[in-house]
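Novice: Give me a 3D structure for the following:
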Amino acid sequence: MDANEAASDHADAVDQPFAYVVSLGSRCVVARFLRDQGLRNFAGPFDWVYSSAAMIRHCLKEDLKTFLDPDCIVPAGKAVGHSFYGKMLGRRVVFPHHKPDEEEDRNHFLRSAKRLRQVLASPERKLFVLAHLVKSRKDLERLKAEEGPQKGSPPESSGVLELERLFQDLKQLSVENFELLAVHIVESSAQRGSAQMPSLGPPRLLRDSGPGRERLLVHEMHCRGDCTGIYFKVEEDESALRSIIVGTGNARRRFNLLPDPLPPHRGCPDGRRKKKMGDVPPAGSDRASAGGGGSSGSRTSFKAKFKSLVANAEAEPQIANAASGNQAAEVLSKVRRRIVSKRPMEPSDGGNDLETSMRPKRQQLAHEVEAPVFVEDSLDPLDSSEAVGEDASDDDRVLRQIAELGQDGEVDIELELEQLAADSEEALQLAVASARAEAVSAASSLSPFDGALRMALEASVVDFEADARRRREADLGQRALDALGVRNGSNGFVAPVVPGTSPPAAAADDLTLQRRGQLMQLGFSSQKSEEAARRCSTVEACVEWI
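Specialist: All right, here's what the predicted structure looks like:
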């Protein structure tokens, strides 16, 4: 095709609005952003999973057979992994929000895969969006190295070269009339202390395959803050991503989204299901229109929440000592329980292509909503209360943010905590299985008339599991704090007590308060937690004492 033909095809393509917008990962921030912008009319298979350009290439080449293979679905603590793609990504957890080993979630992925096939085969204009989070300088340097003299892409890569291969693969699979839009989201933690980093400014274009009906665009976006994997912590970063995906001015993309290519599907007899993270609203709802007002997509930082709560702590005697800025478990507990208030979104900046509207904030933290909420025909069976990783409860997220305050970006804290939790959960399950096997063996040797003793043995296994889980949670919390190296420095957070040493009196009081809060979070009463925290030096010892 010569330059004139390419230009003509490109002009024809530009005149067409996008009919389908699909997230290819590699993190949940893409699906969340598209949902909040009203650009996500249905669920795709890669919306809420960990992925990479290399993984997407493999999935598409073999029509998602390995991705959907039930024999490849493996447990990873409370979450679910994938024996093949987990190794490719260097992650134990691949499905942080779903359980594809269960029928409901497996049907969800089978249906979303079928939907993706129809979109790929459609002649309508398509926008595929992929974002790669750059969380450390090491990650950024690896991406840069792929573009240098010694070119090579690691399996977990979503670098420019791997994205070009994905672009070519799509064309070889006869996918036509599409734009592959990729964004390297460089978090602020990956930019600290690097003299080679460009100054903060508008996103820059790394790669443009040129005009035509099929086009690859790769952008690099330098954040003012960090990203949880779903939400930006700074509003300016959400706006920057909006400028890339939606566009601005004359470069603004036009959308005329078609409905779900699959017929309606109702997972429950009455057409109702619990609302879960990522659910798409039914057609006709105020959130279903394409390109509505942009969500903030950002979360108030832990520092801001902490300072706000400390400022109000004087009225609460039991945490008045936290006003000095030291870590108080009660303050963290209040942060975890605090409900993010709803507020209006900013309207769209105009244009004939996107509808301007005002909407309430999309999401409250799911674990803070006690009453179940139902919507019609949910497409993403995700229970956030059971989620780990990016959608973990606020106390886990706070731990990560505390660690990030003192980290230089070289360590993937999220992944380390994820691995730690998965290892701990596996050890717990092995211990429970062993106890159950012993109880079954003992019960089988009893005569049929020993029914009461048999029931007592079975009950003992249940008690053992509950006690073992409490111990596991306490131990995991202590090990996580130790691993993160939380220290009493400029951030005001207190380090764990080193065996054989005596902390200062003020630090000891703070540690006692911290242990008390952790015990209360584990479900123990305030009185028992306070007494145990005074008597014992570690959370594990407190649990044993209680």
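Novice: Identify the residue spatially nearest to R40, adjacent ones excluded.
Specialist: Spatial nearest neighbour of R40, chain neighbours left out: L34 (4.0 Å); criterion: C-beta to C-beta, 6 or more residues apart in numbering. Where C-beta positions appear, they are placed from N, C-alpha and C, glycine not excepted.
Novice: Report all helices and strands that the helix or strand hosting that neighbour contacts.
Specialist: Using DSSP states H and E, L34 sits in helix 28-36. Counting contacts by 3 or more C-beta pairs under 8 Å, 6 or more residues apart in numbering; DSSP states H and E, helix 28-36 packs against strand 20-23, strand 126-134, helix 235-245.
Novice: Which element is encountered next along the chain beyond it?
Specialist: Downstream of helix 28-36 (by DSSP H and E), the next one is helix 53-61.
Novice: secondary structure class for the closest residue to R32 other than its chain neighbours?
Specialist: Take R32 and drop its neighbours on the chain: the residue closest to it by C-beta to C-beta, 6+ apart is I230, 5.0 Å away. Of the three states, I230 takes coil under DSSP: H, G, I helix; E, B strand; the rest coil.
Novice: Identify the bridge partners of V186.
Specialist: Counting by DSSP bridges, V186 forms beta bridges with V134, H222.
Novice: So it sits against G225, correct?
Specialist: No: counting by C-beta atoms under 8 Å, V186 does not reach G225; the two are 11.4 Å apart.
Novice: Give me the more crowded residue out of these two.
Specialist: Neighbours were counted for V186 and for G225 using other C-beta atoms under 10 Å; V186 has more, 24 against 17.
Novice: mind listing what the more buried one touches?
Specialist: Remark: with contacts taken as C-beta atoms under 8 Å, 6 or more residues apart in numbering, V186 is in contact with V134, L140, M197, E220, M221, H222, C223.
Novice: tell me, how many neighbours does K138 end up with?
Specialist: K138 has 14 nearby residues by other C-beta under 10 Å.
Novice: What confidence value was assigned to it?
Specialist: If you check K138, the pLDDT there is 79.
Novice: now it: how far from K144?
Specialist: Distance from K138 to K144, counting by C-beta to C-beta, to the nearest Å: 11 Å.
Novice: who's in contact with Q16?
Specialist: When contacts are counted by C-beta under 8 Å, 6+ apart, Q16 is found next to E124, R125, N177.
Novice: What are the phi and psi values at the first one?
Specialist: This points to E124. Main-chain dihedrals, E124, degrees, to the nearest 10: phi -70, psi 160.
Novice: repeat for the last one
Specialist: Dihedral angles phi and psi of N177 (degrees, to the nearest 10) take the values phi 60, psi 60.
Novice: cool, and the second one?
Specialist: Taking degrees, to the nearest 10, you get phi -70, psi 140 for the backbone angles of R125.
Novice: That one - nearest residue in space that isn't next to it in sequence?
Specialist: Q16 (4.4 Å).
Novice: Test my guess that K135 contacts E187.
Specialist: Yes: counting by C-beta under 8 Å, E187 is a contact partner of K135 at 5.4 Å.
Novice: pull the helix or strand with minimum mean pLDDT from the chain.
Specialist: For the chain, the helix or strand with the lowest mean confidence is strand 374-376, at a mean of 29 (criterion: mean pLDDT, DSSP states H and E).
Novice: Which helix or strand contains the residue lying closest to V234 once chain neighbours are set aside?
Specialist: Distances taken as C-beta to C-beta, 6+ apart put G225 closest to V234, at 3.4 Å, once the chain neighbours are dropped. Following DSSP H and E, one finds G225 outside all helices and strands.
Novice: Return the per-residue confidence for K528.
Specialist: pLDDT, read off for K528, is 79.
Novice: distance of the residue nearest to K233 when sequence neighbours are not counted from L34?
Specialist: Spatial nearest neighbour of K233, excluding adjacent residues (C-beta to C-beta, 6+ apart): G225 at 4.0 Å. Distance, G225 to L34, using C-beta to C-beta: 21 Å.
Novice: How about R215?
Specialist: 19 Å.
Novice: before we move on, what about L241?
Specialist: If you measure L241 against L34 using C-beta to C-beta, the figure is 11 Å.
Novice: for E179, same thing?
Specialist: Remark: distance between E179 and L34 (C-beta to C-beta) = 14 Å.
Novice: Also D69?
Specialist: 27 Å.
Novice: Neighbour count for the two, which is higher?
Specialist: The neighbour count for D69 versus L34, taken as other C-beta under 10 Å, is higher for L34 (21 against 12).
Novice: Which per-residue confidence value corresponds to that one?
Specialist: Taking L34 on its own, its pLDDT is 95.
Novice: Need the phi and psi values for the residue nearest to R32.
Specialist: Torsion angles, degrees, to the nearest 10, at I230: phi -120, psi -40.
Novice: now do F18
Specialist: Here F18 shows phi and psi, under degrees, to the nearest 10, equal to phi -70, psi 130.
Novice: doesn't L258 make contact with it?
Specialist: No: the criterion here is C-beta under 8 Å, and F18 misses it with L258 at 9.6 Å.
Novice: Show me the domain layout of this protein.
Specialist: Segmentation of the chain into domains, based on automatic domain parsing, reads 3-248+271-278+289-299+340-392, 413-545.
Novice: Which of the ones you listed comes out lowest on mean pLDDT?
Specialist: domain 413-545 (a mean of 66).
Novice: Identify the residue spatially nearest to A532, adjacent ones excluded.
Specialist: In space, A532 is closest to C542, 3.9 Å off (C-beta to C-beta, 6+ apart).
Novice: Let me see the ranges of the strands in this protein.
Specialist: Here the chain has its strands, by DSSP state E, at 20-23, 73-76, 79-82, 126-134, 178-186, 204-208, 214-222, 272-274, 374-376.
Novice: Which of the ones you listed sits closest to A437?
Specialist: Nearest of those to A437, taken as C-beta to C-beta: strand 73-76 at 18.2 Å.
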